[in-house]
Structures are given as structure tokens and as C-alpha cells.
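>>> here is my input; please provide its structure:
(2 chains)
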Protein chains: 2
Amino acid sequence: MDVIAREVILARRPANRQDFGGFEIVERAVPSVRAGHVLVESTALSIDPSMIPRLTADTYAPKFAIGDVIESRAVGRVIETADERLSVGDWVLHSGGWRDRAVVDAATASLIEPTDAVPPETWLGVLGAPGLTAFVGLAVAEFTSDDVLWVSGAAGAVGSAVVQLAKSRGAGTVIGSAGGADKCRYLTDVVGVDAAIDYRAGDLASAVRSATDGLDVYFDNIGGSHLEAALATMNVGGRIVSCGMIETYGTRGPAAPRNLTEIITRRLSMTGMLVTDHLEMRAAFLAEAVPLVESGRLASETTRFSGLESVADGFASLLSGDGKLGKTVIDLT
Amino acid sequence: MDVIAREVILARRPANRQDFGGFEIVERAVPSVRAGHVLVESTALSIDPSMIPRLTADTYAPKFAIGDVIESRAVGRVIETADERLSVGDWVLHSGGWRDRAVVDAATASLIEPTDAVPPETWLGVLGAPGLTAFVGLAVAEFTSDDVLWVSGAAGAVGSAVVQLAKSRGAGTVIGSAGGADKCRYLTDVVGVDAAIDYRAGDLASAVRSATDGLDVYFDNIGGSHLEAALATMNVGGRIVSCGMIETYGTRGPAAPRNLTEIITRRLSMTGMLVTDHLEMRAAFLAEAVPLVESGRLASETTRFSGLESVADGFASLLSGDGKLGKTVIDLT
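Model (predicted):
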């Protein structure tokens, strides 16, 4: 008897960044589990800002194809195995996409060992791609603990990891920004920023200037108005690592920042990064991050959307930032 | 009897990038020539795109102050000396600003040795700051002869030097862009680009794509629409050196480029530079450039505006690009 998977496919490309109604849920028989493969029942799927330009096709990166299942990272348990490295019942991090059951190459699935304190979806967040992204971004920026750092989107999965990694390394001044008083309280009380900035509460550049005499490093998760404020407050020779520009995903202007000439006058560097270029850093990342997670110094929140039907709500939350803390997942439990 | 200098001061800050009527010519007695100083009669003054944001105050760099003489590089002959390193009749490159006679610190004046083939204003152009800027920019971009290079503003003082330095080092593919058929002919016939692009003749990104499979290095003198076209045509891992953004000087939007997210998806780096940070490279630059100038492989044009009264026309020419080739100077001979 066929095993059936429910999957989310892209039926129609979004017309704009408010339009995420083009998903369709279909049922398909999963393929047979060939040698070297395992069948996984996923409990949580990743929903990620970087998916937005791949949906809207406003990117140089590979677009999601119409009719295809949405590619994503996921965690789940092995329910059938044809590979000696993985047993039934094992928890794995895999790239099976937005479906409840997936056959995946065992070589591409990573065995994880959740505990009560460190649940499976942690590997989609602070111990997964977002955490590694934070680690890589700090390396790309050549961050040292002497640098004054601003992290935008600091209540998100990547941003909160950046702040905590930097502070655990002894950073003097780390500023985090987010939208709304609740998130700023979270930044101060849990994430541990030295100054929290609510970007909805007033002029961003003025707030950065009030918090510091100038930035050495800006970790950009937002782009647009936030990048403009950073350009206006960087020290000469400052470094910007461009990790995300969610403010401009799915748009084609008007294009902030309006002050890009500051790149010249302040002799800044701005470097784009994709975590997938740096997977060789994963071991070094885990060596630093796992003890921090276990000791509670690298905290992580998960915002859950329930069921495959909730993906449009998930994207709306990512784009508005409302009510979202840490890593956003689709919960299938 | 006092020696009188005519000088250009900034009487009023420009209201916008079309407004360069705020200059005033005044006559002042030059100060007495103290020990260690020389009095120079200047024959040519530099007029430079990077002055525009300093005039409009749209920069982090030191603004020109109201009532002050405009700071600039100049060349001229020593007519009075109180320093043993310089004699009456010597030609010097100095920073005496926009005036016909200037008392300058001999330690900051460089002795130059013009010939019939290499006239004094060459030290304001290809052997001066623009040439050194080209040299430094290629170093900042870590340019090698394997890189496919696009230089915008390639008919200008900096751009034409970038192209010629790159080609003399054996570069395979160097694209140059400029405005109009005459300049493009100059790029092909004199500067020696492999492909000339007239940015007024059609879509810039399409033209770059026709000339190459992708850019490794973009040397930006223009910003705005040109930077947008570069972002759309760079290879993964490409490097942008931000030297000038004349298209956006004196404006505050609308802000091209609209596709800054390409920084992330193509993993680009963008680095701003000011030549004044790298004056230690001058000796290495001259060692490379002087033989090239003498052998005619580093050609340079000079666009002359006659007299101190012509500065507004000079800026209009810089901003429009019309009729301008190579280095723009105010000729006082």
C-alpha cells in the first residue's frame, strides 16, 4: 500500500510581497525507499525570509519552480530505513522540503539528538542554518570583541544568535533593533543587547547615535531603511555584512538606502553572504554553539504556525514582524 | 608692496546639483612667505567630481566652509622661496586651492619635472590623484589580469587610467562605458578598451551582457544606474570598488540601485575608497605609471576651462559629461 505525503507546492508565483496565496497542498504517494535512503516523518519545517525572493523570482538565486514542492530544511524521525547509518526512530535534520513525509538521501540527513531542554526544532534555528549564518556572518565581518556592533532584526533567528555569540565572546557594545516594545524587552531581558532600538518608535539613525559614538560592524538582516541608518552612523573603515534585506524582498523600489555614497566617504565595505557557501564552518560553529545552548547562554525562541495550511500566515508574519520571535517553523506535530 | 591673489571662495552653498552659482572671486593680499614656505604662481587648478558633495554638504567628508577658498590640488611655478628644497622657477604640485597665487608649506609641495611631452597638468591627472586613485582602486579590488573588468566613467581622468593600467598588466577583457559616440570612439581608439558601451544608447545591463559572460570586478565612478547594471551582471563572488558616484552627488534620491539584494545572492563585496588613505602607494604607482606615460601607453586628455570665472561651467560639464575627456582643469595661463 502506498505511503501518502501531503506537500506544499508553488502553484502560482506571488504577484507582490503581500501575495502568498499561490501555494497548494497536494497528496502524493512517496517513492519507494531505495538503498542509501530513508523515509522521514517531519515534525517541523523551516519557513525562512530568504525564501521570499525565491518565491517572487526577484533574485539571482535559484527560483522555486511552479509545480514543485517548496524546498526547505526540516526535522523529523526516520520511519523506514535503507541505510545502515540511520535507524528507525532516529531524529534527523534534512532538506526534504514542505511535506509531512519525505524520502531523503541518508548522506544528506544529519543525525540530531534532541533532549527535553533542546527540542528537535532547535536544529532549524539556533543550531541550524540561522545559527550557522550568524557565526559565518561574524567571520565575514571579521568581527572582534572590540567592535561596536549593530544587529538589525535582532529578535529573529539569525539576529538573536548574532547578538548572543558576540556577547559570549566578550563584545563590549552590541545594539539590537526590532519592531515594538515587546521585542525590545525580549532583546534586553533574554538576548542580552546593551541597547535595544525599536525601529517603529522614531528615527533609526538618531537612535543608533544615542546608543553609540559610531558603529564598527553592522550585521544587516533588514536592508532598506535600516541599511540607510547604518550608512549614516558607521565609523570610517566600518564593515557591513549583508545577510538579509527582508525590507526589500519582493519589491523593486523605491530603493533605500538614499545615502550609498557613504560607502565612499566613510570607506566602508559591504559584503554579501550565503551560509551555503560556508558549510565547512559547521563543525567550528557547533563546537562553540552547543555548549552555549546547553548552558542557556544561547537562547532561542520558536514561533510556530500549525500545519501546512499556515504557510501564507507564516510569510505575512515574517514580512510584518508582528508577533514573531526567533525561528519561524511550520509545526506538524 | 602686497602681492595680490585672486581666489574663488564659496559664498553660498549650492541648493542642488544644477546650482553652482555660489562661487565668488575675491582679491586678497597673500601672506608673507615664512621660513619653510614658498609662493607659487599656479598655472592649472584641479576641478574634481569629489568636490561636489563637499560643496553641497551631502557627505561625511569635510565640507567646504562658507567664505573659505575652495581646496584643491594645483600646479605652478615657485616665484618666491623661503625653503632650501625649492628654488624660484621650480614646478610644483601643491594643495594651494583655487587661487592664482598661493603660499604653501614646502614640505607639502612636490617638485615635478614637466617636459614638452608631459606638461605640468599631467600631475593633476594621470600622474596625480586621479592616476593614483586608479592604481589604488585596482589594488582595493584585488584586480588580477584574469578578471573581467568594467570601468564606468572610462573617458574620465580616473576611468581612463584604470583601463590603461589594467590593459598594460595584460588584462583580458576590459569594458569601458561613457556617454556618447565620440567618447566611445575615444575609449576604443585611444584608451584601448575591449568593448565600449555608450550608456546613453540603450539598456546598460544588456550592453554589459552582450560584451561579456559576467563581471569579476566593477570599478564604479558613477553609481546609480551604472551600479545597478553592475549588480545585475556580476559573477558570484565579484568585487565592486566604489570610487565615485557622480550620478547621485548632490541628490537625495530617488535612489538607484534598486537591486542591492544582489549583494547577497551573488555574494558580492563592495568597498569604498578614498585615495588620501593610500598615499603610501604613490611611489609604487609612479614606478609603474611614469614609464607608461613616457612610452605613450598611459595616455591622458585634459579638458580646460579658462580662468577662475569658469568653475560653474566646469562643474556643469562634469555632471553632464558633455564634451569632457580626461582630467578637467581650470587653466590660468
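>>> chain B contacts on chain A?
Residues of chain A lying near chain B by Cβ under 8 Å from any Cβ of the partner chain: A:53, A:58-61, A:223, A:227, A:242-245, A:248-249, A:252-274, A:277. (Glycine included, C-beta is placed from N, CA and C.)
>>> which of these fall within strands?
Counting by DSSP state E, the residues of chain A next to chain B place A:242, A:269-272 in strands.
>>> wait, residue A:205 touches residue A:232, no?
Yes - Residue A:205 is within contact range of residue A:232, at 4.4 Å (criterion: Cβ atoms under 8 Å).
>>> which stretches of chain A form helices?
Counting by DSSP state H, chain A has helices at residues A:51-56, A:129-140, A:157-168, A:181-186, A:204-211, A:224-231, A:262-265, A:282-294, A:311-320.
>>> and those as CSV, adding mean pLDDT and mean neighbour count?
Formatted as CSV, the helices of chain A follow (pLDDT from 0 to 100; neighbours: other Cβ atoms under 10 Å in any protein chain shown):
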stretch, mean pLDDT, mean neighbour count
helix A:51-56, 88, 21
helix A:129-140, 97, 25
helix A:157-168, 98, 27
helix A:181-186, 96, 18
helix A:204-211, 97, 18
helix A:224-231, 95, 24
helix A:262-265, 93, 24
helix A:282-294, 95, 16
helix A:311-320, 88, 18
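>>> would you mind giving those as CSV with distance to residue B:210 added?
Output for the helices of chain A, formatted as CSV (distance: least, Cβ to Cβ, whole Å):
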stretch, distance to residue B:210
helix A:51-56, 26
helix A:129-140, 33
helix A:157-168, 38
helix A:181-186, 48
helix A:204-211, 41
helix A:224-231, 31
helix A:262-265, 28
helix A:282-294, 41
helix A:311-320, 37
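>>> mind listing what's buried along stretch A:258-276?
A:258-275 (16 or more other Cβ atoms under 10 Å in any protein chain shown).
>>> domain parsing for chain A?
The record's domain parsing of chain A by automatic domain parsing lists A:4-124+A:300-331, A:129-276.
>>> ok, back up a step: the ones in strands among the residues of chain A next to chain B into CSV, with extra columns for pLDDT?
CSV is the format used below for these (pLDDT from 0 to 100):
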residue, pLDDT
A:242, 97
A:269, 98
A:270, 98
A:271, 98
A:272, 97
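>>> follow-up on the earlier one: please identify which of the helices of chain A is closest to residue B:135.
Counting by Cβ to Cβ, residue B:135 lies closest to helix A:262-265 out of those; the figure is 16.8 Å.
>>> strands of the stretch 51-200 of chain A, start to end?
Counting by DSSP state E, counting those that start in this stretch, the stretch 51-200 of chain A has strands at residues A:74-81, A:91-94, A:101-105, A:110-112, A:149-151, A:174-178, A:195-198.
>>> which residue is the nearest non-sequential neighbour of the residue most central in space within chain A?
Per Cα atoms, centre = their mean, the C-alpha nearest to the average position across chain A is that of residue A:130, at 4.2 Å. Ranked by Cβ to Cβ, 6 or more residues apart in numbering or on different chains and with sequence neighbours excluded, the top spatial neighbour of residue A:130 is residue A:157, at 3.6 Å.
>>> surely that neighbour meets residue A:327?
Yes - if you go by Cβ under 8 Å, residue A:157 and residue A:327 touch, sitting 3.8 Å apart.
>>> between these two, which contacts overlap?
Residues touching both residue A:157 and residue A:327 by Cβ atoms under 8 Å, 6 or more residues apart in numbering or on different chains: A:125-126, A:130, A:300.
>>> point out the most buried one among the domains of chain A.
Of all those, domain A:129-276 carries the top mean neighbour count, a mean of 22, counting by mean count of other Cβ atoms under 10 Å in any protein chain shown.
>>> that domain spans what distance, first to last residue?
End-to-end distance for domain A:129-276: 9 Å, by Cα to Cα, to the nearest Å.
>>> go on, stretch A:227-244?
End to end - Cα to Cα - stretch A:227-244 spans 11 Å.
>>> what about that stretch, distance to the chain center?
How far stretch A:227-244 lies from its chain's middle: 20 Å, per Cα atoms, centre = their mean, to the nearest Å.
>>> cool, stretch A:190-208 as well?
Distance, stretch centre to chain centre, for stretch A:190-208: 20 Å (Cα atoms, centre = their mean).
>>> quick one: residues in contact with that stretch.
So stretch A:190-208 is contacted by A:150-152, A:154-155, A:160, A:163-164, A:167, A:172-181, A:183-185, A:187-188, A:211-212, A:215, A:225-226, A:228-230, A:232-233, A:299, A:301 (Cβ under 8 Å, 6+ apart).
>>> likewise for stretch A:304-318?
Residues outside stretch A:304-318 that contact it (Cβ under 8 Å, 6+ apart) are A:6-8, A:18, A:20-21, A:23, A:25, A:44, A:47-49, A:51-52, A:70, A:98, A:100, A:246, A:303, A:323-324, A:328-332.
>>> looking at these, which are in strands?
The strands, defined by DSSP E, take in A:6-8, A:23, A:25, A:44, A:303, A:328-331 from those.
>>> which of those residues lies closest to chain B?
Using Cβ to the nearest Cβ, residue A:328 comes nearest to chain B of the ones in strands among the contacts of stretch A:304-318, at 19.2 Å.
>>> you'd agree the closest one is up against residue A:44?
No - using Cβ under 8 Å, residue A:328 and residue A:44 do not qualify as a contacting pair, with a distance of 10.3 Å.
>>> surely the residue nearest to the centre of chain A meets residue A:162?
No - using Cβ under 8 Å, residue A:130 is not in contact with residue A:162, being 9.5 Å away.
>>> related to what we said a few turns ago, quick check, nearest of the shared contacts of residue A:157 and residue A:327 to chain B?
Of those, the one sitting nearest to chain B (Cβ to the nearest Cβ) turns out to be residue A:130, at 15.0 Å.
>>> OK, contacts around the closest one?
Residue A:130 makes contact with A:124, A:156-158, A:161, A:327, according to Cβ under 8 Å, 6+ apart.
>>> mind listing what residue A:94 touches?
Applying Cβ under 8 Å, 6+ apart, we find residue A:94 in contact with A:40, A:42, A:73-76, A:102, A:104, A:108-110.
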